[in-house]
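*Asks:* Okay, predicted coordinates and the sequence, questions at the end:
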Number of protein chains: 2
Amino acid sequence: MPAKSVQSTYGDKIYEGKAKILYRGPKDTILHYFKDSATAFNAQKKAEFDGKGQMNLKISVLLFDYLKMHGIESHLIKQIDDRTFESLSLKMIPAEVVVRNRVAGSLAKRLGEDEGAILNPPTVEFYLKDDAKGDPLVSEDLMVSLFHQKREDLLRMRELALKINSALLVLFQKAKLNLIDFKLEFGKTPGGKILLADEISPDCCRLWDMATGEKLDKDRFRHDLGDLMTGYQIVYDRLIEALK
Amino acid sequence: MPAKSVQSTYGDKIYEGKAKILYRGPKDTILHYFKDSATAFNAQKKAEFDGKGQMNLKISVLLFDYLKMHGIESHLIKQIDDRTFESLSLKMIPAEVVVRNRVAGSLAKRLGEDEGAILNPPTVEFYLKDDAKGDPLVSEDLMVSLFHQKREDLLRMRELALKINSALLVLFQKAKLNLIDFKLEFGKTPGGKILLADEISPDCCRLWDMATGEKLDKDRFRHDLGDLMTGYQIVYDRLIEALK
């Protein structure tokens, strides 16, 4: 939780999620406060990690800035402090958009396929963002016919997700990190433009060391593979080095 | 199992499934022998129903003939006897293509949605045909990138599935039956043309009486809702009447 002195400069709390708290900011903006909490398996496993909030904020801002340089806009306006950034207030689309370059995680388990199998071309899947339902995989058709999304919005999210993947692959390649898969969220401006939203951090990417295969992302926590923050720090240091 | 006198005129057994046995027929054809077995929940529930094989054969032939009149070709060549039809030998595509007009079954359960909710427009989903994996739902992207299907084949199956749905909705409307959902399979000719294959019967459709909502399909067996064959007989009688 933010210290009271900080919180008092924020507007009303809008929403508290598993890893972030959202507050109203000035002039129709949102303030995203990054917590130290980690959850996995639909919040059945929980823990706190000192400094995770700051780390995920740093990495998210770094990646949003990198994507902006590559022509991909996000909701990010500016960093406020070491745990908070200010964003546009978007109408969020209730979908988790998952891009995969290799088989891993729930996909490997569900389909009985080997972790690490290459997916060529990369795939895009939509999961309904609904904790009560366990964020189920949903076909694009059902997103339209049952969950009231517009087909053109899904096509745009898919297009953006693949463009983001292409840009990130270049950066992570330089950082000697295999980008296995990642989850994105999108929102809409009042004018109807779809922008990248939420965060991009090792909480929602799978990143394997290219040389050793070591997992440097939240799977360390999910499957007790080693200290979480050590992994995240390696990701951050490598990204800083790659961007020099 | 077919009587020996019949079986002896058939070629080698190619495959025995849950509800049919396939034999080699003359000149690169396949003979489909319809059994009386019913299975549900990935074959965890099993039973035999006198006359189900003949009934599903009759309904399948009737529906394939109806679809042919509406410009949709299938693998059916001709009926051989009251449990067997002869078909072209196609290279089967390992997908179950599910068309839905309303929410029901596994979808209702998985997404926590009400049975009967209308899907507009109708939806198409691909399930990997793989008993060992439990026929999992698979995105079109994964069908391409992991399971080696061609994007153009998936688009063609989708197009055909929706065309079949439109044609069947007209017929079932006349028969005062609500076509809730159904599963199709497709195969490819040596020339690369995709044709409707397998069967279309109350084993793989959900059909509800328009007046009473009574379920007349395999859900009677899955959920012990009443005598299976009584339901199938009503479907057949109504179709015969609708086609007059």
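*Replies:* Structure's in. What do you need?

*Asks:* Around chain B, which positions in chain A sit nearby?
*Replies:* For chain A, the contact set with chain B under CB under 8 Å from any CB of the partner chain comprises A:103, A:107, A:110-113, A:117, A:119-125, A:128, A:132-133, A:136-139, A:141-142, A:144-146. Backbone N, C-alpha and C define where each C-beta goes, glycine included.

*Asks:* Of the residues you listed, which belong to helices?
*Replies:* Filtering those for membership in helices, criterion DSSP state H, returns A:107, A:110, A:111, A:141, A:142, A:144, A:145.

*Asks:* export these to JSON lines and tack on distance to residue A:74, neighbour count and pLDDT?
*Replies:* Shown next, in JSON lines, are those (distance: CB to CB, whole Å; neighbours: other CB atoms under 10 Å in any protein chain shown; pLDDT from 0 to 100):
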{"residue": "A:107", "distance to residue A:74": "26", "neighbour count": "24", "pLDDT": "92"}
{"residue": "A:110", "distance to residue A:74": "30", "neighbour count": "14", "pLDDT": "89"}
{"residue": "A:111", "distance to residue A:74": "31", "neighbour count": "20", "pLDDT": "92"}
{"residue": "A:141", "distance to residue A:74": "28", "neighbour count": "20", "pLDDT": "96"}
{"residue": "A:142", "distance to residue A:74": "27", "neighbour count": "23", "pLDDT": "96"}
{"residue": "A:144", "distance to residue A:74": "25", "neighbour count": "20", "pLDDT": "97"}
{"residue": "A:145", "distance to residue A:74": "29", "neighbour count": "21", "pLDDT": "97"}
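
*Asks:* remind me which residues of chain A are low pLDDT?
*Replies:* Residue ranges of chain A with pLDDT under 70: A:1-9.

*Asks:* how is it carved up into domains?
*Replies:* If you go by automatic domain parsing, the domain ranges for chain A are A:3-88, A:91-227.

*Asks:* which of these is buried the deepest?
*Replies:* Mean neighbour count (mean count of other CB atoms under 10 Å in any protein chain shown) peaks for domain A:91-227 among the domains of chain A, with a mean of 18.

*Asks:* what's the span of that domain from first residue to last?
*Replies:* End-to-end distance of domain A:91-227 (CA to CA, to the nearest Å): 36 Å.

*Asks:* Give the other helices and strands that the longest strand along chain A contacts.
*Replies:* The residue-count maximum for a strand in chain A (DSSP state E) belongs to strand A:118-128. On a contact count with 3 or more CB pairs under 8 Å, 6 or more residues apart in numbering or on different chains; DSSP states H and E, strand A:118-128 meets strand A:95-102, helix A:140-145, helix A:151-174, helix B:140-145.

*Asks:* and with 6 Å instead?
*Replies:* Strand A:118-128 is packed against strand A:95-102, helix A:151-174, helix B:140-145, with contacts defined by 3 or more CB pairs under 6 Å, 6 or more residues apart in numbering or on different chains; DSSP states H and E.

*Asks:* about what we covered before: nearest to residue A:242, of the domains of chain A?
*Replies:* domain A:91-227 (3.8 Å; CB to CB).

*Asks:* Now find how far off-centre that closest one is within its chain.
*Replies:* Centroid displacement of domain A:91-227 relative to its chain, using CA atoms, centre = their mean, to the nearest Å, is 8 Å.

*Asks:* Same question for stretch A:83-99.
*Replies:* The answer for stretch A:83-99 is 9 Å, by CA atoms, centre = their mean.

*Asks:* what does stretch A:67-84 give?
*Replies:* With CA atoms, centre = their mean, you get 13 Å for stretch A:67-84.

*Asks:* again with stretch A:55-66
*Replies:* 10 Å.

*Asks:* Touching it from outside, list them.
*Replies:* A:34, A:74, A:76, A:79, A:83, A:171, A:199-201, A:203, A:232, A:236, A:239 (CB atoms under 6 Å, 6 or more residues apart in numbering or on different chains).

*Asks:* Send me that stretch as PDB with only the CA atoms.
*Replies:* The C-alpha trace of stretch A:55-66 is given here as PDB (Å, rounded to 0.1, in the frame of the first residue of the first chain):
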ATOM      1  CA  MET A  55      10.900  -3.400 -10.700                       C
ATOM      2  CA  ASN A  56       7.700  -4.100 -12.700                       C
ATOM      3  CA  LEU A  57       7.100  -0.400 -13.000                       C
ATOM      4  CA  LYS A  58      10.600   0.200 -14.300                       C
ATOM      5  CA  ILE A  59      10.400  -2.600 -16.800                       C
ATOM      6  CA  SER A  60       6.900  -1.600 -17.900                       C
ATOM      7  CA  VAL A  61       7.900   2.000 -18.500                       C
ATOM      8  CA  LEU A  62      11.100   0.900 -20.300                       C
ATOM      9  CA  LEU A  63       9.100  -1.400 -22.600                       C
ATOM     10  CA  PHE A  64       6.200   1.100 -23.200                       C
ATOM     11  CA  ASP A  65       8.900   3.700 -24.100                       C
ATOM     12  CA  TYR A  66      10.700   1.300 -26.400                       C
END
